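Novice: Here is a sequence with its predicted model. Questions after.
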Amino acid sequence: MIIIVDTREQLPFSFSKWPEIQIQQAALPCGDYSLAGFEDKVAIERKSLDDLISCFMNSNRGRFERELARARRYELFAVVIEAGLQDVAQGRYKSKMKSHAALQTVTAFFVRYGVPFMFCGNRAGAEYMTYSMLSKYLYEIEKRYRAAKKENCVA
């Protein structure tokens with residue numbers, strides 16, 4: 001499996017727990033992580049909690065919403081957060097944004113754009129979830145390909 005890491009990603013995951021993974025850097029049209037050959041179909045956006053809350057503020061909100069709108073075209077797009085939902089609820093971030101407003105923004109963006117926000121507890125959890133979603137996506141694509149190939153051979 002070849003994971004593409006966006007060149008703008010500031011703190012990329014190493015994926016060192018999975019030695020079978022190769023990492024390449026490239027400019028991605030959307031998100032921070034994708035799969036080689038599927039850059040226009042699957043992407044994962046990584047956020048620290050402070051970065052996520054910053055994306056909800058007026059100065060960054062428009063850019064973030066445009067990215068979520070572009071992500072609608074993807075077969076799989078998710079935002080993985082290096083924190084738990086309880087961290088948001090208890091306001092454990094560097095912003096004056098009220099926790100209720102932050103939680104309502106997560107809900108609104110999920111409903112509006114259909115993008116899941118995965119609260120993964122910490123950085124290791126977010127890395128695991130990113131690996132897991134990309135590997136499952138690749139598995140499903142390969143399964144579809146094998147089924148289509150088998151169907152074409154039978155017909």
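Specialist: Structure's in. What do you need?

Novice: Look up phi and psi at the closest residue to residue 91 other than its chain neighbours.
Specialist: Excluding the flanking residues, the one nearest residue 91 by CB to CB, 6 or more residues apart in numbering is residue 99, at 4.5 Å. C-beta here means a position set from N, CA and C on the backbone, and glycine is covered the same way. Backbone geometry at residue 99, expressed as degrees, to the nearest 10, gives phi -60, psi -40.

Novice: Residue 99 against residue 89, yeah?
Specialist: Yes: contact criterion CB atoms under 8 Å: residue 99 and residue 89 qualify, at 5.4 Å.

Novice: quick one: which of the two has more around it?
Specialist: residue 99 (17 against 12; other CB atoms under 10 Å).

Novice: can you give me the helices in this protein?
Specialist: Along the chain, counting by DSSP state H, helices occupy 49-56, 58-71, 85-89, 99-113, 123-154.

Novice: Residue 29: which of the ones you listed is closest?
Specialist: helix 58-71 (7.3 Å; CB to CB).

Novice: The residue lying closest to residue 83 once chain neighbours are set aside: neighbour count?
Specialist: Excluding the flanking residues, the one nearest residue 83 by CB to CB, 6+ apart is residue 49, at 3.8 Å. A count of neighbours around residue 49, defined by other CB under 10 Å, yields 20.

Novice: I figured residue 49 hits residue 95, correct?
Specialist: No: look at residue 49 against residue 95 with CB under 8 Å: they stay out of range, at 9.5 Å.

Novice: Looking at strand pairing, list the partners for the residue most central in space within the chain.
Specialist: A centroid search over the chain (CA atoms, centre = their mean) returns residue 44, at 2.3 Å, as the residue closest to the centre. For residue 44, the beta-bridge partners are residue 33, residue 78 (DSSP bridges).

Novice: dump the residue contacts of it.
Specialist: By CB atoms under 8 Å, 6 or more residues apart in numbering, the contact list for residue 44 reads 31, 32, 33, 34, 77, 78, 79, 80, 130, 133, 134.
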